[in-house]
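*Asks:* 3D model of this:
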Amino acid sequence: MSQIEIIKIVASILALAIAIIGHEIMHGYIAYRYGDSTAKNLGRLSINPIVHVDLVGTILLPAILYITGAPFLFGWAKPVPINMNTVIRNGGYNGAIAVALAGITYNLILATLMATIYPLFAQPTTLFSAFIAIFIAQSVMINVVLAVFNLWPIPPLDGSLALRYIAEKFKWRSFVEFYDKIYPYGMIILFAILFIPQLSRILFMPVDWILKIILF
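*Replies:* Below you'll find the predicted structure:
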């Protein structure tokens, strides 16, 4: 394995870790701002990666994607525990929606920041500068992919939770009941989509649209 291949692997792992761990911390942090200290009390607002590792989402899925030569890496960290009743009591359903979308917001902001500074490192001259360039490029891609992925309206992804709280806010009872019925099957639906290339390609199409916008 060449030095550049090792650098790419390490840079990609670091970019993925920062993307998915930050995503989860932001859920807990925004919930904390609405009075829910559950994540803080359990030490889940920590940047220590060990407390956020999920066997499937943090290790197995990214490894499978890398081994199979997928065009990008993504995954998820262990969900941060949140008492949404406390959030809703203090911030209403708008607070719940904000908590649900906090991770996606983090990913899009981080991707935009990385895309802004990428031209400064686009022509590396040393191994270290190559590492920085690859890290930034991977950060842009991974964070956009995570944002789009989490916006899918499939339980338990953030997009589905935001939709459910929007439905609660406007009292769309039938919509809430529908989501509650399919929730137990969400992971099955999700993995089925991920491993059907034609379908996942369609649902990931917004990735290209967002990249074109933030990369000018």
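
*Asks:* Name the next helix or strand following the helix or strand of the chain with the lowest mean pLDDT along the chain.
*Replies:* The weakest-scoring helix or strand in the chain, judged by mean pLDDT, DSSP states H and E, is helix 61-67 (a mean of 79). Using DSSP states H and E, the helix or strand that directly follows helix 61-67 along the chain is helix 84-117.

*Asks:* on that earlier part again, how distant is the least confident helix or strand of the chain from the center of its chain?
*Replies:* Offset of helix 61-67 from its chain centre (Cα atoms, centre = their mean, to the nearest Å): 16 Å.

*Asks:* Which of the residues in that helix are classified as buried?
*Replies:* Across helix 61-67, burial judged by 16 or more other Cβ atoms under 10 Å covers 61-62, 65. In short, each C-beta sits where N, CA and C put it, glycine included.

*Asks:* outside of that helix, which residues touch it?
*Replies:* 9, 12-13, 16, 72-76 (Cβ atoms under 8 Å, 6 or more residues apart in numbering).

*Asks:* and which of the buried residues of helix 61-67 is nearest to residue 89?
*Replies:* Using Cβ to Cβ, residue 61 comes nearest to residue 89 of the buried residues of helix 61-67, at 35.1 Å.

*Asks:* quick one: the closest one from residue 39, how far?
*Replies:* Using Cβ to Cβ, to the nearest Å, one gets 23 Å for the distance from residue 61 to residue 39.

*Asks:* residues contacting the spatially most central residue of the chain?
*Replies:* Nearest to the mean C-alpha position of the chain, by Cα atoms, centre = their mean, lies residue 146 at 3.8 Å. By Cβ under 8 Å, 6+ apart, the contact set of residue 146 is 19-20, 23, 74, 103-104, 107.

*Asks:* For these, which single residue is the most surrounded?
*Replies:* residue 19 (29 neighbours; other Cβ atoms under 10 Å).

*Asks:* where do the helices sit along the protein?
*Replies:* Using DSSP state H, the helices found in the chain span residues 3-33, 38-41, 61-67, 84-117, 127-151, 158-169, 173-182, 186-194, 197-203, 205-214.

*Asks:* Need those in TSV (columns: distance to residue 51).
*Replies:* As requested, the helices of the chain are arranged in TSV below (distance: least, Cβ to Cβ, whole Å):
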stretch	distance to residue 51
helix 3-33	9
helix 38-41	10
helix 61-67	18
helix 84-117	16
helix 127-151	19
helix 158-169	20
helix 173-182	29
helix 186-194	22
helix 197-203	30
helix 205-214	29
